[in-house]
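In: Sequence first, then the predicted structure, then my questions.
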Amino acid sequence: MLPRREFLRHSAAAAGVTLFAKNFASPFFAPPSAADSRIEIILDEPLGSISPNIYGHFVENLSGVIYDGIWVGENSKVPNINGIRKELVDHMRTINPSVVRFPGGCFADSYDWRDGIGPRDKRPRRTNFWASEEAPSSPAAHKYDPNQFGTNEFAQFCKLIGSQPYLAANLRSLPAEAFYHWVEYCNSPAGSTTLADARAAAGYPDPFNVAFWGVGNESWGCGGNFTAQEYAVEFRRYTAWLPVYDRHPLSLIASGPNGDDATWTRGFLEELVRKGKSQVRSVYGFALHHYAWNLSRGRTQDWFEGKGDALKFDPVDWYELLREGQRIESMINNHWQALAENDPDHSIKLVVDEWGPWYKPGSEATPGDLLEQMITLRDAVFSGMTLDIFNRHPEKVTMANCAQLINCLNSLYLAHENNFVVTPVGHVFAMYAAHQGGQAVRSVFNAPAIHYDRDAKSASFWALNGSASLHNKSLVITVVNPSVSDARETQLVLRSAKIKSATATVLTHSDIHAHNTFTQKQAVTPQTKTIAAPQADLTYTFAPASVTKLTLELV
């Protein structure tokens with residue numbers, strides 16, 4: 001293996017891609033027989049269609065996410081489209097955003113949708129769920145919701161960026177009738193109901209046609225502190241009858257477990273089907289949340305003490321974060337099995353509508369932005385790894401929503417006033433968008449494990465992993481090399497296929513702490529190259545600490 005610095009010095013632009021035929025002479029790349037790693041793409045073993053909704057997003061009225069991030073107001077000096085930040089809209093249009101979840105998160109559990117409609121100058125101000133967490137110097141809009149951004153503005157935002165809305169209903173503190181009326185307000189045809197007239201009076205005569213509805217949020221915690229059985233009763237009651245217009249069915253998403261708590265999954269399904277096995281058909285998706293937060297290496301389970309730093313971390317912290325994130329794959333498999341006990345036909349799919357790393361405060365780009373954290377190369381590698389996991393389970397995962405879109409946790413973008421920057425995670429979503437709607441095919445990765453010292457004890461982590469999807473004659477392969485120091489020379493084998501042309505896009509940097517800021521926006525950006533490709537097997541070297549997309553056009 002080449003040392004990391006030497007590899008990057010000889011690689012083009014520190015993120016160069018090299019894809020060589022067997023007979024290509026290079027002092028840096030050996031023929032396939034010398035490669036210590038292998039990826040086999042089995043094109044005739046499809047796994048299922050990758051739902052575009054796996055590439056979903058999440059916006060909550062939490063500190064700077066809505067007010068400053070998305071909503072700047074119609075009279076703002078920041079370029080906007082009817083009050084919505086224009087630069088955000090422009091960037092999101094390039095990544096084909098599929099679905100956006102709103103208004104939370106825990107904020108949804110105290111939100112009354114009726115406060116956010118009608119003339120904006122007459123909307124009430126309410127105490128934000130997160131107000132007690134905000135600093136005394138935080139803007140008033142972060143502590144007291146001005147309701148300038150409500151259902152109408154969110155629907156407009158989704159329309160501008162080309163995504164579907166996903167609304168989370170307040171099951172904790174509003175009655176079932178309020179949920180019914182929210183559906184009616186959003187979806188009843190023009191002129192059909194009083195609520196349709198109210199929508200039209202606000203400038204939106206056509207229905208929003210919202211299909212995705214969360215029935216509560218984290219109902220095991222901030223969403224009501226229910227037991228699984230208690231929540232199942234509430235779910236049945238809230239969904240016993242909801243209006244459907246023009247034969248557009250509603251996709252109802254139940255509040256699922258906290259991480260790997262399979263007792264919640266079993267308890268919910270067991271109670272749900274007390275009214276009959278057919279009750280499972282009322283549930284479109286089962287929401288699963290998982291944050292990678294504990295970097296204490298087993299020393300504590302305390303929510304605050306266990307967190308690591310977003311910017312100050314060593315290689316062990318790098319691997320520990322990835323190890324925590326990797327747990328989502330076993331959670332997907334375990335909850336899938338638990339669901340099967342009462343839903344053997346698997347009519348219910350998994351919706352991972354909150355995921356990402358969660359660090360301790362102090363790295364935010366805008367001081368005082370609650371839960372905002374600086375996004376580094378580590379988070380890009382984490383996000384690529386996670387999206388690959390979803391891609392490998394298309395029959396199980398029907399939707400996922402990264403937490404959160406802007407100015408909060410694993411953000412694609414950071415913004416403040418006139419400042420705006422795309423984070424490394426935003427670049428990963430742009431790279432991976434090519435998987436949407438493709439046919440996932442089986443990929444087999446074999447590479448020597450990474451070994452590292454974990455508090456004087458040996459630990460290991462996988463060296464290469466990824467996913468592959470086929471779109472007619474175009475094959476997209478995404479691969480993560482998590483090693484902080486070693487390039488990985490790899491033989492890529494395609495069964496029953498010949499390659500006509502190839503391109504490669506790589507996101508990496510010589511510094512694992514590298515990140516984009518308002519003043520250095522291009523520190524971590526992907527590099528794309530057209531590659532001279534053979535028709536048979538390839539040898540490809542993955543840069544250290546990298547996310548790579550190969551696009552192969554097949555004969």
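Out: Everything's here; your move.
In: Tell me where the protein has helices.
Out: Using DSSP state H, the helices found in the chain span residues 4-10, 86-93, 140-143, 151-161, 176-187, 194-201, 228-238, 262-272, 315-340, 377-392, 424-432.
In: These: which one's closest to residue 468?
Out: Closest of those to residue 468 is helix 377-392, at 8.0 Å (criterion: C-beta to C-beta). Any C-beta I mention is one placed from the backbone N, CA and C, and that applies to glycine too.
In: what is the mean pLDDT for that closest one?
Out: Helix 377-392 shows a mean pLDDT of 98.
In: ok, what's across the strand from residue 167?
Out: For residue 167, the beta-bridge assignment (DSSP bridges) gives partners residue 102, residue 213.
In: and residue 264, how many residues sit next to it?
Out: Neighbourhood size, residue 264 [other C-beta atoms under 10 Å]: 24.
In: Same question for residue 442.
Out: Residue 442: 16 surrounding residues under other C-beta under 10 Å.
In: Pairing partners for it in the sheet, please.
Out: With DSSP bridges as the criterion, residue 442 is bridged to residue 42.
In: how close does it sit to residue 41?
Out: Here residue 442 is placed at a distance of 8 Å from residue 41 (C-beta to C-beta, to the nearest Å).
In: go on, residue 97?
Out: From residue 97 across to residue 41, the span is 27 Å (C-beta to C-beta).
In: Please say which of those two ends up with more neighbours.
Out: The neighbour comparison of residue 97 against residue 41 (other C-beta under 10 Å) goes to residue 97, with 23 against 20.
In: Please name the spatially closest residue to the more buried one (chain neighbours excluded).
Out: Counting by C-beta to C-beta, 6 or more residues apart in numbering, residue 163 is the residue found nearest to residue 97 once chain neighbours are left out, at 4.3 Å.
In: cool, and residue 48?
Out: Excluding its sequence neighbours, the residue lying closest to residue 48 (C-beta to C-beta, 6+ apart) is residue 394, at 3.7 Å.
In: my guess is the one you found contacts residue 46, does it?
Out: No. Between residue 394 and residue 46 there is no contact under C-beta atoms under 8 Å: 9.1 Å.
In: Now for residue 442 and residue 41: what residues contact both?
Out: Here residue 442 and residue 41 share the contacting residues residue 468, scored by C-beta atoms under 8 Å, 6 or more residues apart in numbering.
In: So what would you say the end-to-end distance of stretch 491-507 is?
Out: With C-alpha to C-alpha, to the nearest Å as the measure, stretch 491-507 spans 20 Å from end to end.
In: try stretch 173-193
Out: End-to-end span of stretch 173-193 (C-alpha to C-alpha): 25 Å.
In: ok, now stretch 421-435?
Out: 24 Å.
In: count of residues packed around the residue nearest to residue 430 when sequence neighbours are not counted?
Out: Nearest residue to residue 430 in three dimensions, chain neighbours excluded: residue 95, at 4.8 Å (C-beta to C-beta, 6+ apart). By the criterion of other C-beta under 10 Å, residue 95 has 22 neighbours.
In: Any figure for the gap between residue 95 and residue 54?
Out: As judged by C-beta to C-beta, residue 95 and residue 54 stand 13 Å apart.
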